[in-house]
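>>> just coords:
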């Protein structure tokens, strides 16, 4: 971690110094110069202190002001770089005042966008809808709707009105079933105590089902002993019951509608890159017929490529979460980008391999970064449709 932050702080210093050239072009007021460097000096010194002391709680609180400081200057510096490319062929004349003002304007726009994400973005819920067609979907399930939630992370919540807004939006979809793909808490089952009445309001005629995510096991905090950690996990399982969700632990259930049946499969967390691999798809599908239409809930999307696609039984639709879209990025006109894509091949939205689908939910809550910037909290609604083959 220390090496990583050393690189970030070095980049920060470079960007700060480069953007300061625009400040020097627009004004020569010493108090503005002092304020420019004093704010960053205080912020950088506090970050260094928290890293050296291993104070992760303080460090998580500094992520937001760090982004507000460096990211707008980074975007503003792109304007300065373009100017420097032209100055290179003109013997480097003095910087143009108007270009420096433009750099300030770009930085200001980015700053306001970041500020919105950090203050309002955490509950700026977006309903994303997909319609998927299958040859072998049971006719009774033609038009069947699924609302998928993921990564609630109740330990990060503080705004009851904001959370209630999301819950009301889920119920407004009137889906047939609600599926939750893990990370109900950050670490402790007690984080849900204040939110049980709210999430118990969720309703769907064909039930509510859930699986565990990597944070639900309490693996990221120290425990007195293994018994205490197990007690926390058992309490969390009980919480799922109290909010009306059936928790699937490497097991399956069958959803019956008229004369049709769909198999709902749920595995425990299975992830690559150091994450625990508690999930057992073979065990979860042991009592599921090979020809059944199957929907799998698996928290970590890396499970899809590594295990699910190669499973001997075809899994028609896999629902995952975990990535949060890193809570930072942008999605514009069908194009999406986030730093998380350099770590996860499938990180947000719908993916397809032949006739098998994976949907990666961007998450309902937030963790670490106290907000969302460009990658908004998500309520996914998936409609299953039967593909009609017309003979020619």
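Ah, there it is. Here the structure is a predicted model, which is why all the values come from computation and not from measurement.
>>> CA only for contacts and neighbour counts going forward, please
Noted.
>>> Can you name the residues that contact residue 206?
Neighbouring residues of residue 206 by CA atoms under 8 Å, 6 or more residues apart in numbering: 176, 177, 255.
>>> Tabulate these (CSV), appending pLDDT.
Shown next, in CSV, are those (pLDDT from 0 to 100):
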residue, pLDDT
176, 98
177, 98
255, 98
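>>> out of these, who's nearest residue 281?
Checking the contacts of residue 206 against residue 281 by CA to CA gives residue 255 as the nearest, at 18.6 Å.
>>> and the residue lying closest to residue 175 once chain neighbours are set aside, which of the three is it?
Excluding its sequence neighbours, the residue lying closest to residue 175 (CA to CA, 6 or more residues apart in numbering) is residue 145, at 5.0 Å. Three-state call for residue 145 (DSSP: H, G, I helix; E, B strand; the rest coil): strand.
>>> tell me the pLDDT at residue 315?
On pLDDT, residue 315 comes in at 97.
>>> go on, residue 265?
Looking at residue 265, its pLDDT stands at 98.
>>> swap in residue 56?
In this model, residue 56 carries a pLDDT of 77.
>>> Please tell me how far it sits from residue 50.
7 Å (CA to CA, to the nearest Å).
>>> out of these two, which sits in the busier spot?
The neighbour comparison of residue 56 against residue 50 (other CA atoms under 10 Å) goes to residue 50, with 17 against 12.
>>> The residue most central in space within the chain: what's it in contact with?
The centre of the chain sits closest to residue 324, judged by CA atoms, centre = their mean, with a distance of 0.8 Å. The neighbourhood of residue 324, defined by CA under 8 Å, 6+ apart, consists of 151, 347, 348, 361, 362, 363, 366, 375.
>>> Can you show me the helices along this protein?
Secondary structure of the chain (DSSP state H): helices at 2-26, 30-53, 56-87, 97-119, 160-172, 196-199, 226-242, 281-284, 302-303.
>>> For the chain, which residue is located at the greatest distance from the centroid?
Distance to the chain centre peaks in the chain at residue 91, reaching 47.5 Å (criterion: CA atoms, centre = their mean).
>>> Could you check how far it is from residue 85?
The gap separating residue 91 from residue 85 is 11 Å, by CA to CA.
>>> Same question for residue 329.
Residue 329 is 27 Å from residue 85, where distance means CA to CA.
>>> For stretch 124-131, give me every contacting residue.
Residues contacting stretch 124-131 (CA under 8 Å, 6+ apart): 166, 364, 376, 377, 378, 379, 380, 381, 382, 383, 384, 385.
>>> could I get these as TSV with distance to residue 74?
Below are the contacts of stretch 124-131 laid out as TSV (distance: CA to CA, whole Å):
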residue	distance to residue 74
166	33
364	29
376	22
377	25
378	28
379	32
380	33
381	36
382	38
383	41
384	43
385	46
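>>> can I get these in JSON lines with neighbour count?
Below are these laid out as JSON lines (neighbours: other CA atoms under 10 Å):
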{"residue": "166", "neighbour count": "22"}
{"residue": "364", "neighbour count": "29"}
{"residue": "376", "neighbour count": "28"}
{"residue": "377", "neighbour count": "30"}
{"residue": "378", "neighbour count": "24"}
{"residue": "379", "neighbour count": "24"}
{"residue": "380", "neighbour count": "27"}
{"residue": "381", "neighbour count": "22"}
{"residue": "382", "neighbour count": "19"}
{"residue": "383", "neighbour count": "19"}
{"residue": "384", "neighbour count": "20"}
{"residue": "385", "neighbour count": "20"}
